[in-house]
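# After the sequence you'll find the predicted model.
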Amino acid sequence: MSGGAAPLVTLSGVAVELGGQEILRDIDLTIRRGEIVTVVGPNGSGKTTLMRTIIGAVAPSRGRVTRAPGLRLSYVPQRLAVDPSMPMMLGRFMNLPRRRDPATVAAALDRAGLAGMERRPISGLSGGQMQRALLARALLNDPELLILDEGTAGLDQPGVAAFYARIEQVNADTGCAVLMVSHDLQIVMRASDHVVCLNRHICCEGTPETVSLSPAYRGLFGAAGAESVALYRHHHDHSHDDGLPCAGLACAGDDEDAA
Ligand SMILES: Nc1ncnc2c1ncn2[C@@H]1O[C@H](COP(=O)(O)OP(=O)(O)OP(=O)(O)O)[C@@H](O)[C@H]1O
């Protein structure tokens, strides 16, 4: 997607404090119409807090979050606890908490790869189908920005690949921007327009190519990209005042270019 597309959400100098602790700092980030942005980072690095700040569920302690006026934003949760004994058809699930026009439901199910499954009990859906059901619900309001927080957690590799292919298709068909937190680096590095590596601050960011060609990235992952999980086990040769290890890529806290 074009780097010149209209901004949907802009974070400027954002910091977030929770429970008296600074969780995020110095966050400058723009999500533009139609682009796919992925946030990666170790556990506890603030990814979910960043998503919650973007949707407005958490207020920044410093800086500013600007959303395009009237922005249609949808959030796909990691998973939804559903009581398997609860008899509920997918069609009814799509109409909670409020009733939708059947054609809108059918179109959202179709986009999510669940066409014609309104009468399937949700308790009988596979993990991948349940994720697609959550995606279908998120598509009901025709979002301009779709946010997924580890939307593939619990899926096997083919399930993960199929889910991202679906997301890319939705992006291509509807032009909605996608912001996702993902642990599936190999896949998201291919699909994303922009990758942000977070560790309480933005350690590095750029196109997948920029990130994957960086010497630090190659040092971590090998020339071929190596294993995606490596990012979450990497080591960094400098420490931060928050005491957390940082991504081993060009770090905005270093004297290097923050890209
Ligand atoms: N409401 C809260 N009050 C205090 N601390 C919080 C709160 N919510 C999150 N935190 C802390 O903020 C830090 C970042 O949490 P967050 O869930 O944003 O990280 P994450 O990168 O999404 O982690 P994970 O990969 O494990 O899901 C953690 O240390 C967490 O304990």
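Great, that's in hand.
# going forward, measure contacts between C-alpha atoms and count neighbours the same way
Noted.
# Tell me which residue is most central in this structure.
Among the residues of the chain, the one closest to the centroid is Met180, at 0.9 Å (CA atoms, centre = their mean).
# Kindly list the main-chain dihedrals of that residue?
The phi/psi pair for Met180 (degrees, to the nearest 10) reads phi -140, psi 150.
# Relative to Asp149, how far out is Arg137?
Per CA to CA, to the nearest Å, Arg137 is found 15 Å from Asp149.
# The nearest residue to Gly127 once chain neighbours are set aside: neighbour count?
Of all residues not flanking Gly127 in the chain, Leu155 sits nearest, at 6.5 Å (CA to CA, 6 or more residues apart in numbering). Leu155 has 16 neighbouring residues, counting by other CA atoms under 10 Å.
# Leu155 is in contact with Gln129, isn't it?
No. Counting by CA atoms under 8 Å, Gln129 is not a contact partner of Leu155; they are 10.1 Å apart.
# Overlap in contacts, the two.
Contact with both Leu155 and Gln129 is made by no residue, according to CA atoms under 8 Å, 6 or more residues apart in numbering.
# all helices for the stretch 51-200 of the chain, in order.
Per DSSP state H, counting those that start in this stretch, the stretch 51-200 of the chain carries helices over the ranges 90-94, 102-111, 127-139, 157-174, 185-191.
# send the alpha carbons of the third one over as PDB?
I take that to be helix 127-139. C-alpha atoms of helix 127-139 as PDB (Å, rounded to 0.1, in the frame of the first residue of the first chain):
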ATOM      1  CA  GLY A 127     -10.500 -23.600  16.000                       C
ATOM      2  CA  GLY A 128      -9.900 -22.100  12.600                       C
ATOM      3  CA  GLN A 129     -13.600 -21.800  11.800                       C
ATOM      4  CA  MET A 130     -14.100 -20.100  15.200                       C
ATOM      5  CA  GLN A 131     -11.400 -17.500  14.400                       C
ATOM      6  CA  ARG A 132     -13.100 -16.900  11.100                       C
ATOM      7  CA  ALA A 133     -16.400 -16.500  12.900                       C
ATOM      8  CA  LEU A 134     -14.800 -13.800  15.000                       C
ATOM      9  CA  LEU A 135     -13.400 -12.300  11.900                       C
ATOM     10  CA  ALA A 136     -16.900 -12.400  10.200                       C
ATOM     11  CA  ARG A 137     -18.300 -10.500  13.200                       C
ATOM     12  CA  ALA A 138     -15.600  -7.900  13.000                       C
ATOM     13  CA  LEU A 139     -16.500  -7.400   9.300                       C
END
